[in-house]
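Colleague: sequence and predicted structure, then a few things I'm wondering about:
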Amino acid sequence: MTEAMANSLRQGPDENGKFGMFGGRFVAETLMPLILDLEKSYRAAQNDPEFLAEMEDLRTHFAGRPSPLYFAERMTDELGGAKVYFKREDLNHTGSHKLNNCLGQILLAKRMGKTRIIAETGAGQHGVATATVCARFGLPCTIFMGATDVERQMPNVLRMKMLGAEVRPVTAGAGTLKDAMNEALRDWVTNVDSTYYLIGTAAGPHPYPEMVRDFQKVIGEEIRVQILEAEGRLPDAVVACIGGGSNAIGTFHDFLDDPDVEIFGAEAGGHGVDVENGHAASMTGGRPGVLHGNRTYLLQDADGQIIEGHSISAGLDYPGVGPEHSFLRDSGRVTYVPVTDKEALDAFMACTKFEGIIPALESAHGLAHVMKLAPQMDKDKIIVLCLSGRGDKDVESVGKHLGMAL
Amino acid sequence: MAVTRIDRRFEKTRAENRPAFVSFVMAGDPDETTADAILAGLPAAGADVIELGMPFSDPMADGVAIQLAGQRALKSGMTLAKTLAMVERFRKIDDETPIVLMGYYNPIYIFGVDAFLAEAARIGVDGLIVVDLPAEEDDELCLPALKAGLNFIRLTTPTTDDARLETVLGNSSGFVYYVSMTGITGAEIKNRAAVGEAVNRIKSHTSLPVAVGFGIKTAEDAQLIGRDADGVVVGSALVTAVEQSLDAGRSTPKTAEAVHNLVRTLSQGARAARS
Ligand SMILES: Cc1ncc(COP(=O)(O)O)c(C=O)c1O
């Protein structure tokens, strides 16, 4: 190994699926042969020119990539500091970055001869992206969604149903993303032969965190090319919101070994990180534990029971985070900051009014941090935000929060 | 490792040419006092081995019945420390019946592996079943547990093929737990004949006793499965008996009795397996 590689932060995970102490394969024995098989299939696909070519073709013609890098001029003027760019994942087909991962995994599922797809979803964006690729490839799918989230993301539930998916509301626990994931795992354990579990974020047992990151890292790779073209240099900071961490790791990964690029992840601060069970900022307010197949930062009580967490945003309302983020947090390379519901709502409205872009509430968390950073930076500095999705799904609930009348 | 209560108990049931009856109940369900009474009466009702569930907020491998049992326990204030204290009280009245703690890794990880194992060994826990620790993660708890003198009981499933079975059996001790189906606790066994075949396949790879669990609900099930298996495990049916005995979520004078009556019936089924 060369010294540069030895010092690289981009080498993980190791052969056991660990990023430092995080990650791993903490699953029931029933699933163990499946995830070993998945890893083998992924390794074969990863280097297969045919797989890569099919993926490239779908990215270009189905998803509409590369997504634009957009200079947010009025936002920049308003903030009065660094130049702000948006990476427009909201313009990706289905309206968020989630499709990037689904395209990769559906091709893999097909290669593995699976005949049924299951997925969990919070905001419904991953559910919609999954239902979309299942329609495109003619596979039946079942989407597990917390009953609370079914309520607050109704437009996406309708989209999934129209695309032919079965949406199963999960009433266990608080009826949010964590409970949907438990239920998806229970289904998978039951239907091991036929079913492929298409996990929607860079979490879960190895190889999912690595695989989802690999399918999402196109975001950062495109940013590099596009910003070099626009500005002739790399950005001073990149920012993304963190649910399970897939858009964020996709944005960050290409820049991890560029020490001059500062990296920020915006966690869901909910009502504030000091409010007990009032936020979903697992890296600010949690500690390492084991859930859903991996060791990572988790919101939990003194007895190791997982706490539900809260966020205004259904896509960030998860008590854990992908293991690579836990590793990057402890290594100090990435700075993770909490953003409150209120700050996210303000950013949502600012983006809508100043740029004519209605962002997803998830993405608005990232923007809220940009709105704190930019004014403190000189005008010749550059920030890139991953605008992970569009906010059509959120207009009803934001309208309610803001007391807007029809 | 040294001989444990589990080893001795399976030797005894083997000598009596019958399967061991293994009963699963949830620690602290529906409350600590009632759970103590349930636990205390299990051996007399016919339980040869006791699996005591450690409640967890996110039991990914469990069906609704055991999910609800865990929720009742947590709601009543159960913790891992209190689960250990329950075992300590039980050991004052029974020093023979093996106790296996069953659950998920996170509460143990947060308690601290070393502290947990020291306390478990001290108070007379005999074995551990931790659903989300496959052989690939043996360094976490399995190897330290063996060092502490506790059996680490591994689940094998219909997806565990012969090649993998060697890996799974590698650090197993006490007994091998065969999961009768691909599924969660409380589901139905679809193919009983296949279970017998699988048990005999596993037996050809190990001299450890093989107990079968998941989906055994009636005395007839226990009798049938107990023909080939060295142990039959019942869990969901017992915690459902707890649930049905409750009045507005609270225990009644009938709660412990309901569980014990069911254990009596089921264990008689198991005892009749080979006669
Ligand atoms: C638009 C959008 N951004 C971000 C997220 C959070 O997920 P992740 O952290 O995996 O990117 C979601 C999840 O639903 C989403 O819909």
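Modeller: It's in.
Colleague: which pLDDT value goes with A:Ala405?
Modeller: According to the model's per-residue confidence, A:Ala405 sits at a pLDDT of 76.
Colleague: what of B:Gly127?
Modeller: In this prediction, B:Gly127 carries a pLDDT score of 98.
Colleague: wait, doesn't A:Phe354 sit right on A:Arg74?
Modeller: Yes. Between A:Phe354 and A:Arg74 there is a contact under C-beta atoms under 8 Å: 4.3 Å. For glycine as for every other residue, the C-beta is placed from the backbone atoms N, C-alpha and C.
Colleague: mind checking how far the residue in the stretch 1-150 of chain B that the ligand sits nearest to is from chain A?
Modeller: Closest approach between the stretch 1-150 of chain B and the ligand, counting by C-beta to the nearest ligand atom: B:Asp58, at 19.0 Å. Remark: distance between B:Asp58 and chain A (C-beta to the nearest C-beta, to the nearest Å) = 5 Å.
Colleague: let me see the contact set for that residue.
Modeller: Taking C-beta atoms under 8 Å, 6 or more residues apart in numbering or on different chains as the contact definition, B:Asp58 lies against A:Gly173, A:Lys178, A:Asn182, A:Leu291, A:His292, A:Ile306, B:Tyr104.
Colleague: select from those the one having the most neighbours.
Modeller: With neighbours set by other C-beta atoms under 10 Å in any protein chain shown, the maximum within the contacts of B:Asp58 is found at A:Lys178, which has 30 neighbours.
Colleague: thinking again about what came up before, from A:Arg186, how far off is the residue of the stretch 1-150 of chain B closest to the ligand?
Modeller: Taken as C-beta to C-beta, to the nearest Å, the spacing of B:Asp58 relative to A:Arg186 amounts to 11 Å.
Colleague: also A:His401?
Modeller: When distances are taken as C-beta to C-beta, A:His401 and A:Arg186 turn out to be 33 Å apart.
Colleague: more neighbours, those two?
Modeller: More neighbours sit around A:Arg186 than around the other of A:His401 and A:Arg186, counting by other C-beta under 10 Å; the figures are 24 against 15.
Colleague: ok, that one to B:Gly235 distance?
Modeller: Distance, A:Arg186 to B:Gly235, using C-beta to C-beta: 16 Å.
Colleague: for chain A, what is the nearest residue in the stretch 1-150 of chain B?
Modeller: With C-beta to the nearest C-beta, the shortest gap between the stretch 1-150 of chain B and chain A falls at B:Ile110, namely 3.3 Å.
Colleague: wait, a helix at that residue?
Modeller: Yes. Assignment of B:Ile110 by DSSP: H, G, I helix; E, B strand; the rest coil places it within a helix.
Colleague: thought it was touching A:Arg295?
Modeller: No. Taking C-beta under 8 Å as the definition, B:Ile110 is not a contact partner of A:Arg295, at 11.5 Å.
Colleague: which neighbours do those two share?
Modeller: Any residue near both B:Ile110 and A:Arg295 by C-beta under 8 Å, 6+ apart counts here, and that gives A:Gly289.
Colleague: quick one: mean pLDDT for stretch A:249-269?
Modeller: Averaging the model's pLDDT scores along stretch A:249-269 yields 98.
Colleague: got the buried residues for it?
Modeller: Residues A:249-256, A:261-269 are the ones in stretch A:249-269 that count as buried (16 or more other C-beta atoms under 10 Å in any protein chain shown).
Colleague: mind listing which of the residues you listed are in helices?
Modeller: Among those, the members falling in helices are A:Ile249, A:Gly250, A:Thr251, A:Phe252 (criterion: DSSP state H).
Colleague: chain B: which of these is nearest?
Modeller: Nearest member of these to chain B, counting by C-beta to the nearest C-beta, is A:Ile249, at 23.1 Å.
Colleague: the closest one touches A:Val218, doesn't it?
Modeller: No. Assessed by C-beta under 8 Å, A:Ile249 is found out of contact with A:Val218, at 11.8 Å.
Colleague: tally of neighbours for A:Lys342?
Modeller: Neighbour number of A:Lys342 under other C-beta under 10 Å is 15.
Colleague: ok, A:Pro33 next?
Modeller: As a burial measure, A:Pro33 scores 18 neighbours (other C-beta under 10 Å).
Colleague: and it, helix, strand or coil?
Modeller: Following three-state DSSP, the label given to A:Pro33 is helix.
Colleague: residue nearest the centroid of the chain?
Modeller: Because you didn't say which chain, this covers chain A. Compute the mean C-alpha point of chain A, and by C-alpha atoms, centre = their mean the closest residue is A:Ser246, 3.1 Å away.
Colleague: sorry, should have said chain B
Modeller: B:Glu51 (3.2 Å).
Colleague: follow-up on the earlier one: contact partners for the residue of the stretch 1-150 of chain B closest to chain A?
Modeller: Under the criterion of C-beta under 8 Å, 6+ apart, the contact list for B:Ile110 reads A:Gly289, A:Gln300, A:Ala302, A:Asp303, A:Gly304.
Colleague: at 10 Å what do you get?
Modeller: When contacts are counted by C-beta atoms under 10 Å, 6 or more residues apart in numbering or on different chains, B:Ile110 is found next to A:287-290, A:298, A:300-305, B:80, B:116.
Colleague: next, give me the two most distant ones among these.
Modeller: In the contacts of B:Ile110, two members sit farther apart than any others by C-beta to C-beta. They are A:Leu298 and B:Phe116, at 18.1 Å.
Colleague: I figured A:Asp258 hits A:Leu234, correct?
Modeller: Yes. Counting by C-beta atoms under 10 Å, A:Asp258 touches A:Leu234, with 5.9 Å between them.
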